[in-house]
Each structure stands twice: as C-alpha cells, then as structure tokens.
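# Structural data only, the sequence is not supplied:
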Ligand code: BEZ
C-alpha cells in the first residue's frame with residue numbers, strides 16, 4: 001500500500017531533505033556524474049544534486065507512485081528524471097538501463113531503513129548497487145542506524161501491544177530496519193564493495209511545530225511515518241486513538257521544558273563504499 005503523500009511529508013518531515021549537508025559533501029558531485037538516487041521520495045534533494053551535475057544525469061527511483069508523481073511535477077529537469085521502482089526488489093526487477101555498470105555514483109538519503117526492511121535477502125539491494133556502478137564507482141548513503149528514534153519505535157510497538165496485539169506481531173509490524181555499523185560493514189564487504197567510510201552520528205532533531213489540523217508535529221510524524229503500524233487497525237478512530245496514546249506517552253519524554261519543543265533521537269549511519277576498479 002502507498003502510504004506516502006508529499007503534502008504530509010512536507011508538514012511532518014520537511015527537515016529530512018534539509019539535514020543533508022554531510023552526505024551531499026561525501027557524494028562530492030562532479031559536473032559530469034551520472035547518479036542513481038535510491039528511494040528519492042518527492043525529489044527535493046535529488047533535484048539539488050542534479051543541479052550540481054549540469055553535464056551529468058540523475059535518475060531517482062522510489063516505490064511510491066504518489067512521491068514519484070510529486071517529484072515529476074516539482075523536481076524534474078532536463079538532467080533529472082524519476083521512475084517508480086520497488087527498491088527492495090532492485091536486483092530482481094530493475095530495468096537493464098539501471099543495473100548496467102554505467103553509474104558513477106549511487107546515492108540514498110533516509111530511505112534504506114525502509115527498503116532493507118522488506119528486501120529479501122537484504123544484501124540483494126547492495127548486489128544491485130554493485131551491478132549498477134561503474135568500476136571504481138561509489139555508493140554514498142545516509143540512513144537510520146541502530147537505536148534510531150528508539151523512543152518512538154518502542155512507544156509505537158507498546159501502543160499496539162496495549163491494544164491486544166501479540167508482542168511478536170507488534171514488533172513485526174515495524175517498517176524499519178536500523179542496522180549497526182558491524183552489520184553494515186560485513187554486508188557491504190560480503191557483496192564485494194570496499195568500505196571507505198562508515199560512521200554513526202547521534203543527531204537529536206527538532207520536530208516541526210504542532211498544528212491544529214494534526215498534520216505537523218509529533219502526531220503528523222506518527223501518522224505519516226508509522227502508517228504501516230497503524231494498518232493493524234481497521235477504523236480511522238482506532239488509528240487516531242493509538243496515535244494520540246503514543247503522542248501522550250512521548251510528550252513527557254521528548255518535550256523540552258524551556259520552550260515546549262519536541263526532539264527525536266535520530267541516529268544517522270553514513271557510508272562511502274567503492275566498487276573495485
Ligand atoms: C527517517 O526517514 O529518517 C526515519 C524514518 C523512520 C523512523 C525514523 C526516521
């Protein structure tokens with residue numbers, strides 16, 4: 001099911017494409033680079049990258065039809081195009097002009113924790129990246145690392161358990177995979193990529209302000225990002241009740257007394273890995 005809406009994303013998670021200076025610096029776009037962006041969402045960051053490669057090309061892939069539609073409407077240009085593609089099945093289903101060893105760089109921001117959750121096996125995503133890259137090409141990405149937003153993750157699982165969903169089923173409803181550095185290093189090396197940089201940063205991140213319509217703030221974030229958890233419930237009222245319950249639980253944990261702002265414990269895992277020449 002396509003849970004994504006670019007309007008909801010800009011109300012609840014507009015900070016995601018903004019906090020990207022380090023990963024874009026690691027990408028180090030050169031004017032002629034051909035760059036594949038995995039999990040490009042609504043293309044806001046993809047278009048910024050495309051502007052840095054005026055003689056190159058950028059192709060953004062995302063499983064969400066609504067995000068790709070938004071990207072095509074708002075963030076496309078002569079050197080920046082988008083396609084619907086289930087990136088969890090990249091190795092099995094990407095067209096031959098993607099897995100053809102022609103890309104200088106493969107890039108991903110804030111997407112691999114969703115993609116790897118559903119990829120089977122998880123390493124297949126990195127095998128596909130290896131097939132896409134030119135010899136000596138690089139994979140540069142940032143994603144949630146082990147412990148990312150653990151308070152929200154735990155509260156959401158607890159919200160399901162409190163409504164009678166068995167513990168294992170509540171955990172299995174999580175749409176995210178937040179790997180450790182050790183898991184990531186081994187997985188990349190096992191598919192033959194050479195890890196040049198692998199780092200974790202704890203980056204507390206301020207949520208967008210609360211809004212009357214519930215689209216911003218913590219509730220807006222929960223409704224958008226936790227939609228696969230909420231699919232466990234049939235009615236909108238049940239979904240709204242669990243969001244309210246989780247938001248109330250977290251209020252006392254993530255709210256700062258000095259100004260009422262709410263902060264989430266984002267943990268970012270950043271990697272540069274190269275395909276051998
Ligand atoms: C993110 O897109 O960065 C994110 C998604 C789910 C949980 C935490 C962070």
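All right, it came through fine. Computed from a predicted structure; not experimentally measured.
# So for this structure, the centremost residue is which one?
residue 111 (2.0 Å; C-alpha atoms, centre = their mean).
# For that residue, grab phi and psi.
Residue 111 adopts backbone torsions of phi -130, psi -30, taken as degrees, to the nearest 10.
# show me what contacts it?
38, 39, 40, 41, 62, 87, 143 (C-beta atoms under 8 Å, 6 or more residues apart in numbering). C-beta coordinates here come from the backbone N, C-alpha and C atoms, glycine included.
# Name the member of these with the most neighbours.
With neighbours taken as other C-beta atoms under 10 Å, the top of the contacts of residue 111 is residue 40, carrying 32 neighbours.
# I figured that residue was touching residue 64, is that so?
No: counting by C-beta atoms under 8 Å, residue 64 is not a contact partner of residue 40; they are 9.7 Å apart.
# before we move on, the earlier item: which of the contacts of residue 111 fall within strands?
38, 62, 143 (DSSP state E).
# Let's have those residues in JSON lines, adding distance to the ligand and pLDDT.
Converted to JSON lines, the ones in strands among the contacts of residue 111 look like this (distance: C-beta to the nearest ligand atom, whole Å; pLDDT from 0 to 100):
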{"residue": "38", "distance to the ligand": "14", "pLDDT": "98"}
{"residue": "62", "distance to the ligand": "13", "pLDDT": "98"}
{"residue": "143", "distance to the ligand": "7", "pLDDT": "98"}
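# Pick out whichever of those residues sits closest to residue 126.
Nearest to residue 126 among the ones in strands among the contacts of residue 111, counting by C-beta to C-beta, is residue 38 at 10.5 Å.
# Would you agree the closest one is in contact with residue 106?
Yes: the pair residue 38 / residue 106 is scored as a contact, 6.4 Å apart, by C-beta under 8 Å.
# which one is residue 165 nearest to, not counting chain neighbours?
Once flanking residues are discounted, residue 165 sits nearest to residue 232: 5.9 Å by C-beta to C-beta, 6 or more residues apart in numbering.
# ugh, wrong one, I meant residue 275
In space, residue 275 is closest to residue 133, 4.4 Å off (C-beta to C-beta, 6+ apart).
# Now do the helices in the stretch 1-150 of the chain.
With helices called from DSSP state H, counting those that start in this stretch, the stretch 1-150 of the chain shows them at 6-12, 21-27, 44-51, 65-74, 90-93, 112-118, 123-132, 150-162.
# Flag every buried residue along stretch 20-32.
20, 23, 24, 26, 27, 29 (16 or more other C-beta atoms under 10 Å).
# Next: stretch 187-200.
Buried, per 16+ other C-beta under 10 Å, within stretch 187-200: 187, 188, 191, 193, 195, 198, 200.
# With stretch 111-119 instead?
111, 112, 113, 114, 115, 116, 118, 119.
# out of those, who's near the ligand?
Contacts with the ligand within those, as defined by C-beta under 6 Å from any ligand atom: residue 113.
# This structure against the ligand: which residues are in contact?
Going by C-beta under 6 Å from any ligand atom, the residues of the chain near the ligand are 16, 110, 113, 144, 148, 149, 176, 225.
# switch the cut-off to 5 Å
With C-beta under 5 Å from any ligand atom as the criterion, the chain meets the ligand at residues 110, 144, 149, 225.
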